[in-house]
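[1] Pasted the sequence and its predicted model underneath.
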Amino acid sequence: MTYVLSEEGRRALCALTEKPVLYAFDFDGTLAPISPDRDSVKIPSSVHKPLQELGTRAPCAVISGRALADLAPRVDRAVPYLIGNHGLESPCATPAALILAEQVCAEWMKRVSTDFAQPLKHYGIEVENKRYTLTFHYRGADDPIKARGALVVLLDQLTPTPRLIFGKASVNVLYPGQQGKGQAALALMKHVRQTHLFFIGDDDTDEDVFELSEGLAMGVRVGRHEKSRAGYFIKHQGEVEEILRFLAHRLVRTPESHVS
């Protein structure tokens, strides 16, 4: 992995700004610091301002595991495009896909609320119902490793068997066939008529984007991680601000100038 704020990394960023690019960002742990109180998370003003400036110069999106209704007020109109629920809620989503996901989640929640209620309480696991997906949080568990193992065993009992995406002290539960952030980012890139994608993310839920075989021009991981498919990294979340300022300064075109 190459440090994106090194001389080599900055040259790559400069080259990127000469192409038609969708600039996309994860939310928690990327634009906003991770917090044990997920309800209090917001984008710092020092990040929001350059993000908004970048959004006036190029197509920009925030792609998050959060539900869209939760994400939108936290982004506060900094960018024109939002994708929530690990890619399911997006400008490219079909009503049929949303209806199916909602029905499946409702059935899962019936099982979670009855058969799983006691085990989840025992291990200190909290369930977050995001309408179209579920997230199980074990950050507050006494033994996070044991809680995660027990949770995986429980989730394997759900019907239909869900797709699991592991986050930081959480397990995200998606209905089978949902492809995640990567395909959603690619679809949005094509929707806004760009040919390249730039993405920054901080955990395994973002590997869906880093693993794209087409479209991805630069993937940046927050924190060096040797198993990541991202080609670049930054040392910590605080460096996102510098990247935003660098890109906004380099970009002189507007979104309209990209559209043919």
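    Great, that's in hand. Residues are numbered from 1 along each chain as shown.

[2] okay, CA-based contacts and neighbour counts for the rest of this
    Fine.

[3] where does the stretch 151-260 of the chain have low pLDDT?
    252-260 (pLDDT under 70).

[4] if we go to 50?
    254-260 (pLDDT under 50).

[5] Which residue ranges make up the domains of the protein?
    Using automatic domain parsing, the domain parsing of the chain gives 2-88+180-258, 98-174.

[6] End to end on the shortest one, go ahead and measure it.
    According to C-alpha to C-alpha, to the nearest Å, domain 98-174 extends 12 Å from its N-terminal end residue to its C-terminal end residue.

[7] so which of the domains of the chain is the most packed in?
    A comparison of these by mean neighbour count, using mean count of other C-alpha atoms under 10 Å, puts domain 2-88+180-258 on top with a mean of 19.

[8] how far out from the middle of the chain is that domain?
    With C-alpha atoms, centre = their mean, to the nearest Å as the basis, the distance from the averaged C-alpha position of domain 2-88+180-258 to the chain average is 9 Å.

[9] shift numbering so it begins at 435
    Got it, first residue is 435 now, which makes that one domain 436-522+614-692.

[10] Give the phi and psi angles for residue 482, as a check.
    With angles defined as degrees, to the nearest 10, residue 482 sits at phi -60, psi -40.

[11] Which of the three states applies to the closest residue to it other than its chain neighbours?
    Distance criterion C-alpha to C-alpha, 6 or more residues apart in numbering; nearest residue to residue 482, sequence neighbours excluded, is residue 512 at 6.5 Å. At residue 512 the chain is in coil, as set by DSSP: H, G, I helix; E, B strand; the rest coil.

[12] who touches residue 512 in this structure?
    Shown in contact with residue 512 (C-alpha atoms under 8 Å, 6 or more residues apart in numbering): 482-483, 485-486, 489.

[13] so residue 681 touches residue 488, yeah?
    Yes - the pair residue 681 / residue 488 is scored as a contact, 7.0 Å apart, by C-alpha atoms under 8 Å.

[14] Kindly indicate which of the contacts of residue 512 lies nearest residue 655.
    residue 485 (17.6 Å; C-alpha to C-alpha).

[15] who's in contact with the closest one?
    Neighbouring residues of residue 485 by C-alpha under 8 Å, 6+ apart: 512-513, 678-679.

[16] cool, and residue 511?
    residue 486.

[17] what's the distance between it and residue 502?
    Relative to residue 502, residue 511 is positioned 13 Å away (C-alpha to C-alpha).

[18] before we move on, what about residue 444?
    In this view, residue 444 and residue 502 are 32 Å apart by C-alpha to C-alpha.
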